[in-house]
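Undergrad: Predicted model follows, preceded by the sequence.
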Amino acid sequence: MAAQQSTAPLARRTVTLGVTGGIAAYKAAEIVRLLRQMGIHVQVAMTAAATRLMSAHALATLSEHRVALDLFDPSLDATPPSLDVSSWGKSQPSREVGIDHIALSRRADLMVVAPATANILGKVAHGIADDLLSTTIMASSVPVLFAPAMNVQMWENAAVEENVALLRRRGYLFVGPAAGALACGETGTGRMAEPTEIVDAVVRELLKRRHGLRVLVTAGPTEEPLDPVRVLSNRSSGKMGVAIAAEARDRGHLVTLVAGPLRCELPLGVERIAVTTAEEMQAAVETHEAEADLLVMTAAVADYHAKVVSDAKLPSGQKALSVDLVPNPDILAAVGPKRRERGAITIGFALEIGADGDARARQKLEAKGLDMIVLNDATRADSAFGGDTTRVALLTPEGDAAQLPAQTKREAAREIVRRAERLCGFLPTVEETHPS
Ligand code: C5P
């Protein structure tokens, strides 16, 4: 595969968060916190009304940046620097004075307005730029995502509906609003989307507009029904697959996660496809693997399913019960060799117990047409199923074996994704090769 140029990982992206004067403004704090948690730089701009509802100090502290509030620098009103003779020659006038709206829009990779009131939607739809935020949006050439929040009557008002339709036609993006209880005591559509949903949309947009790899990851166990209430499954938590998906996302790749029933939180900013059985997982993998540069099959797919799934609950209290089990499809064995033929990279996992685990993992590496297999000896306490740490070895068809130390699943994921990038011919960024 041709080498691709890497782009900045998530940690070097900047998001401008516009906060307008809806009661949901208090949720801006959580949005900033979640974005910062992923290392994204956040620059907040607030309208005057927003500052009545949410503290600019809190948002400045959380974002670690001054919050932009005014089109005009208020300090210039008191002592215009041009008249303050004592400071002449001592300092250069700030290049940001008076151009905050331009600086804010140029510095950002994306703008998100949350909450977005009927007022800001109306202003942007009709070209009114009368304060810092509306001017910044108008001066912006990056995607703008609105998270509207307002009373249901306002949301359903014909003017707002037309403004939203107009903004959509012009390429502005929307997340929410949701239906539910509103701050005004009424119920209906108008509730701002939850901060996690907004951050999820922001990260997906950021990644969509870059040229990272397309990565498909599977995670967790599958569940095979025996009857309407009982299932056959395993103790996989899904933490390893989730760590790989989050690490790939943070490194700037566009990630799709096919997840069985997980016992851990799903990562934000990745496309998530929920499945239950091995058959469903196979269908999801087969649909999405064609466009994936990299497939990482972390899932602990159940090896068997019931030959016949009982329609009614199987009776309890019997002396013995036998259920005929038949093997599940081997998803990797079906897609691995095809992917290999067309040069797409595939990584599998092998959970092995005992001395000749290495040899068995190598057999799988070859039989399933893999570029790398991650061997996990689950008999060790520091590498147990469901834990937060793992001790894995990375085997390749060339005969290489790299034994990694016991470490967190996220640390192991970093090493796996780094090696996968190299297998995909993906070049590390200059910043990564020469850390400053
Ligand atoms: O043969 P074994 O189950 O040990 O192989 C493990 C690898 O194969 C894992 O990457 C797992 O996700 C994948 N697998 C699969 N379909 C199955 C069983 C395992 O894709 N039915």
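TA: Received the coordinates, thanks.

Undergrad: distance of residue 228 from residue 310?
TA: Counting by CB to CB, to the nearest Å, the separation of residue 228 from residue 310 is 8 Å. All C-beta spots, glycine's among them, are computed from the backbone N, C-alpha and C.

Undergrad: The two: which has the busier surroundings?
TA: With neighbours defined as other CB atoms under 10 Å, residue 228 and residue 310 compare such that residue 310 has more, 15 against 11.

Undergrad: what does this structure put close to the ligand?
TA: Within the chain, the positions near the ligand by CB under 6 Å from any ligand atom are 278, 297, 299, 301, 328-332, 348-350, 364.

Undergrad: Let's see that with 8 Å instead.
TA: Within reach of the ligand by CB under 8 Å from any ligand atom, the chain has these residues: 218, 278, 281-282, 285, 297-303, 327-334, 347-352, 360, 364, 368, 373-374.

Undergrad: among the residues you listed, which are in helices?
TA: Cross-referencing the residues of the chain next to the ligand against helices under DSSP state H gives 278, 281, 282, 285, 331, 332, 333, 334, 360, 364.

Undergrad: Filter these down to the buried ones.
TA: By the neighbour-count criterion of 16 or more other CB atoms under 10 Å, these include these buried positions: 278, 281, 282, 285, 331, 332, 364.

Undergrad: would you turn those into TSV with pLDDT and distance to residue 104?
TA: Converted to TSV, those look like this (pLDDT from 0 to 100; distance: CB to CB, whole Å):
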residue	pLDDT	distance to residue 104
278	98	49
281	98	44
282	98	47
285	98	42
331	97	47
332	97	47
364	95	52
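
Undergrad: List just the nearest of those to residue 196.
TA: Residue 196 lies nearest to residue 281 out of these, by CB to CB, at 24.7 Å.

Undergrad: Okay, the closest one and residue 229: tell me how far apart.
TA: To residue 229, residue 281 is 21 Å away according to CB to CB.

Undergrad: next one: residue 263
TA: Distance of residue 263 to residue 229, given as CB to CB: 19 Å.

Undergrad: how does the protein divide up, domain by domain?
TA: Split into domains by automatic domain parsing, the chain comes to 8-79+92-205, 212-313+322-426.

Undergrad: Comparing those, which yields the minimum mean pLDDT?
TA: Lowest mean pLDDT within these: domain 8-79+92-205, a mean of 89.

Undergrad: Give me the distance from that domain to the chain's centre.
TA: Remark: domain 8-79+92-205 is offset 20 Å from the chain centroid, using CA atoms, centre = their mean, to the nearest Å.

Undergrad: repeat for stretch 410-429
TA: Stretch 410-429 sits 18 Å away from the centroid of its parent chain (CA atoms, centre = their mean).

Undergrad: which parts of that stretch are buried?
TA: By 16+ other CB under 10 Å, the buried positions in stretch 410-429 come out as 410-417, 419-421, 423-424, 426, 429.

Undergrad: Pull the most distant pair out of the residues you listed.
TA: Every pair of those checked by CB to CB; the farthest is 412 and 429, at 21.5 Å.

Undergrad: Now do the strands in the stretch 1-150 of the chain.
TA: Secondary structure of the stretch 1-150 of the chain, counting by DSSP state E, counting those that start in this stretch: strands at 14-19, 41-46, 110-116, 144-148.

Undergrad: quick one: contacts of the last one?
TA: Residues external to strand 144-148 that are found in contact with it (CB atoms under 8 Å, 6 or more residues apart in numbering): 110-118, 120-121, 124, 137, 155, 164, 167, 172-177, 190, 192-193, 198, 201-202, 205.

Undergrad: Could you rerun that using 7 Å?
TA: Outside of strand 144-148, the residues within contact range by CB atoms under 7 Å, 6 or more residues apart in numbering are 110-116, 121, 137, 155, 172-177, 192-193, 198, 201-202, 205.

Undergrad: can you tell me which residues contact residue 371?
TA: 345, 346, 347, 396, 423.

Undergrad: repeat that for 8 Å
TA: Listed by CB under 8 Å, 6+ apart, the contact set of residue 371 reads 340, 345, 346, 347, 396, 397, 423.
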